[in-house]
Every structure is written in C-alpha cells, then in structure tokens.
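missing the sequence, but the structure's below:
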Ligand SMILES: [Fe+2]
C-alpha cells in the first residue's frame with residue numbers, strides 16, 4: 001500500500017469514528033445579549049460592520065488585481081471580458097479553490113481580521129481555533145453562466161449537533177438583485193427531523209462525482225425545500241453592505257443566488273472551529289494542504305481532502321495553472337496556529 005493510500009485509509013477510519021460520535025459541543029440555552037442569541041435561534045445571523053467600508057474596498061481591489069494577475073485580458077471596466085475566456089477557472093463563476101487561491105495573501109488577511117477571529121472565539125468560547133482554507137470568491141455579473149440553484153447543506157447527516165459553522169466576510173454591496181447567499185432560515189434546527197428517515201441526495205448537475213466522496217454535502221430537491229418551508233423555515237437572500245459578515249450553521253440549507261444586478265460579488269469564506277475537534281491525523285493532512293498551498297472544504301477540523309485537482313480549460317489543464325499563490329501571506333506564528341500547523345501553548 002502506498003503512503004497516500006495509507007493516509008487515505010487512516011483518514012476514512014478517522015472520519016467514520018468522528019461521525020459516529022455524539023455532539024462535539026453543547027450549548028446550554030441561555031441569553032447572550034448579542035448576535036449569538038439570533039444565531040442559536042435561527043442557525044444563522046448577519047453581523048454588521050465587522051470591518052470598515054475602507055478595508056472592504058481594499059479587499060475588492062486586491063481581488064481584482066488577483067484576477068488580472070492571470071493575464072487573460074480581464075478588465076473590470078469592460079463587460080466583454082467578464083466571461084470564462086478571460087477569467088481563471090472557478091466553480092459557479094466565482095468560487096476559486098484552485099490555483100492556490102485559498103492561500104493568497106488577500107484570503108489570509110481576511111481570515112485573520114481580528115474582528116473576524118473574535119466572532120469565532122465568542123461562538124466557540126475558546127481562543128484555540130483552526131481555520132479552513134476556503135475558496136476566494138470574486139465574481140463579475142457574468143452573462144455566460146449556466147446557473148441553477150443548488151440548495152444544500154454541508155454537514156453529513158450522521159454527524160450530531162452543531163459541528164461546523166460557516167462564515168462569509170462581504171466586501172461589496174449585495175442587494176436583492178445581486179449575487180449572494182441564500183439561506184433557509186431555521187433549517188439547522190430541523191436537521192435531525194429531516195434526516196430521521198432515509199433521504200437520497202438530489203442528483204443536481206453540479207453534484208460532485210461519487211468518487212470525490214464529498215462526505216459533508218447533501219443536495220436538496222425542490223420537494224425537500226418545500227418540506228422545510230412547510231415547517232416554518234424561510235428562504236432568504238442575505239443582503240449585505242461592505243464590511244458585513246454572515247454566519248451559518250453548516251446544517252443550514254443554503255446556496256448562492258444568480259447575480260442579476262450590476263455589482264461584482266466580492267467575499268471571503270471563513271470558517272473556524274476549535275482545534276480540539278481535530279484528530280492528529282486530520283492535523284497532519286491539514287499541514288500537508290498548507291505546505292503545498294492546497295485548499296480545503298469549509299470544514300476546518302475534518303473532511304480534509306489533500307487533493308491535487310488541477311483547473312481544466314477546454315479539456316486541458318489550464319495554462320495558467322499555479323501551485324503557489326501569486327502573493328504569499330506573511331507566515332506568522334498566529335497564522336500557523338490558525339492553519340493548524342503550530343499548536344497553542
Ligand atoms: Fe455550501
């Protein structure tokens with residue numbers, strides 16, 4: 001057996017045992033007097049003004065620079081370049097998990113905003129956190145996309161309770177017509193009830209191939225969406241201003257809305273969980289991802305797949321394929337702790 005196979009076997013065994021565990025954390029019902037009350041009630045919350053509009057603008061500019069660094073002729077002022085020919089290869093037109101994008105300096109700077117870390121510290125009630133290496137997201141209002149909603153949740157039905165919480169730091173205006181996050185408010189609480197009977201995931205066109213083993217993804221059908229609505233859940237588009245942050249329990253049904261307005265979408269996905277949730281094997285895999293500038297899923301502490309996928313363009317590896325960031329982050333002890341590479345003392 002090759003070392004990669006051994007690692008994958010160990011990973012599978014570890015994931016299986018983890019999924020069979022009880023809740024990783026338990027929150028006694030109580031009043032916090034801040035955004036956590038709404039979060040625990042609805043499974044999601046919008047937190048305003050987490051960074052300043054000026055800082056948000058900085059991130060927008062950095063993301064545009066990153067798109068231009070591929071030299072594919074993209075021009076943010078010229079709509080005729082807002083298409084696949086002039087942009088790096090992404091998922092759903094704007095999510096960049098390849099090209100080492102999750103490790104770009106701009107992505108790490110956003111993750112490491114003190115006010116962003118503070119949200120997760122408050123939520124999990126620990127300072128010993130690790131972060132996911134989530135996709136960088138920048139998206140012009142493209143006209144060349146074949147888009148269908150893909151309502152899903154990012155937690156395996158076998159996992160108990162709240163085990164991951166996803167976040168999104170928003171940099172540009174996102175109104176009702178703009179692309180952005182759709183959330184089924186209240187659906188996290190119904191997760192156990194929904195999955196109390198056998199459920200087959202919807203065979204959506206964007207579903208990953210079975211060999212990819214996305215263990216923490218469930219795609220919902222239209223009937224499933226109705227199931228949640230009939231039980232009082234509400235599908236909402238999260239309208240945001242630059243600097244806002246949205247947080248949602250990974251059991252919450254969600255997807256991204258097709259952009260119909262004129263605004264670019266500029267966001268950074270950020271997820272953090274307590275380091276104590278991770279096994280030593282998971283931390284090893286995470287270190288491997290970090291050292292080879294590879295991204296992860298939304299899950300910081302498990303479900304880590306050190307895949308070496310390459311961006312494909314017209315059936316060939318994209319000639320702009322990169323294996324390291326265009327602009328590397330400054331490697332500090334704090335960054336290494338959040339990456340899971342350096343332990344907390
Ligand atoms: Fe998701």
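Thanks, I have the structure now. Please read all numbers here as calculations on a predicted model, not as lab measurements.

Quick check on residue 226: phi, psi?
Per-residue torsions, residue 226: phi -60, psi -40 (degrees, to the nearest 10).

any idea how far residue 235 is from it?
10 Å (C-beta to C-beta, to the nearest Å). Glycine gets a C-beta too; all of them are placed from N, C-alpha and C.

who has more neighbours, the two?
Under the criterion of other C-beta atoms under 10 Å, the comparison of residue 226 against residue 235 puts residue 235 first, with 17 against 11.

Please report how far residue 191 lies from residue 274.
Look at residue 191 and residue 274: by C-beta to C-beta, they are 20 Å apart.

I misspoke; the intended subject was residue 339.
Distance, residue 339 to residue 274, using C-beta to C-beta: 15 Å.

okay, the two: which has more neighbours?
More crowded of residue 339 and residue 274, by other C-beta under 10 Å: residue 339, with 23 against 20.

Residue 112 is in contact with the more buried one, correct?
No - at 10.4 Å, residue 339 does not count as touching residue 112 under the criterion of C-beta atoms under 8 Å.

low-scoring stretches of this structure, by residue?
By pLDDT under 70, the weakly predicted segments of the chain are 1-23, 204-214, 307.

The stretch 151-300 of the chain: strands as residue ranges?
For the stretch 151-300 of the chain, strands defined by DSSP state E, counting those that start in this stretch occupy the ranges 152-153, 165-170, 180-185, 218-219, 234-237, 245-249, 254-257, 265-274.

Which one of those strands lies nearest to residue 136?
Nearest of these to residue 136, taken as C-beta to C-beta: strand 265-274 at 6.5 Å.

could I get the strands of the stretch 151-300 of the chain as CSV with distance to residue 301?
Below are these laid out as CSV (distance: least, C-beta to C-beta, whole Å):
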stretch, distance to residue 301
strand 152-153, 18
strand 165-170, 12
strand 180-185, 23
strand 218-219, 19
strand 234-237, 28
strand 245-249, 15
strand 254-257, 20
strand 265-274, 5
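
who wins for proximity to residue 51 among those?
Taking C-beta to C-beta, strand 165-170 is the member of those nearest to residue 51, at 7.0 Å.

what residues does the closest one touch?
Outside strand 165-170, the residues within contact range by C-beta atoms under 8 Å, 6 or more residues apart in numbering are 50-51, 56, 59, 110, 113, 116, 119-120, 123, 154, 181, 240-250, 266-273, 298.

all helices of this protein, in order?
Taking DSSP state H to define them, one finds helices in the chain at 3-19, 35-42, 53-68, 105-111, 114-124, 191-194, 222-230, 280-291, 333-339.

wait, residue 246 sits on residue 240?
Yes - here residue 246 lies in contact with residue 240, judged by C-beta under 8 Å, at a distance of 6.7 Å.

Which neighbours do those two have in common?
46, 170.

Tell me how many other residues surround residue 323.
When neighbours are counted by other C-beta under 10 Å, residue 323 registers 12.

State the distance from residue 65 to residue 342.
According to C-beta to C-beta, residue 65 and residue 342 sit 29 Å apart.

now do residue 216
Residue 216 is 26 Å from residue 342, where distance means C-beta to C-beta.

of those two, who's got more company?
Neighbour count, other C-beta under 10 Å: between residue 216 and residue 342, residue 216 has more, with 22 against 14.

Check the burial of residue 163 by counting its neighbours.
When neighbours are defined as other C-beta under 10 Å, residue 163 has 24 of them.

what's the neighbour count on the residue lying closest to it once chain neighbours are set aside?
What sits nearest to residue 163 in space, not counting adjacent residues and going by C-beta to C-beta, 6 or more residues apart in numbering, is residue 24, at 5.2 Å. When neighbours are counted by other C-beta under 10 Å, residue 24 registers 19.

what's the answer for residue 260, then?
Counted with other C-beta under 10 Å, residues neighbouring residue 260 total 10.

Over to residue 223?
Here the number of neighbours of residue 223 (other C-beta under 10 Å) works out to 8.

Equivalent analysis for the one 4 residues further on, please.
Using other C-beta under 10 Å, residue 227 has 17 neighbouring residues.

quick one: contacts for it?
Neighbours of residue 227 in contact, by C-beta under 8 Å, 6+ apart: residue 194.
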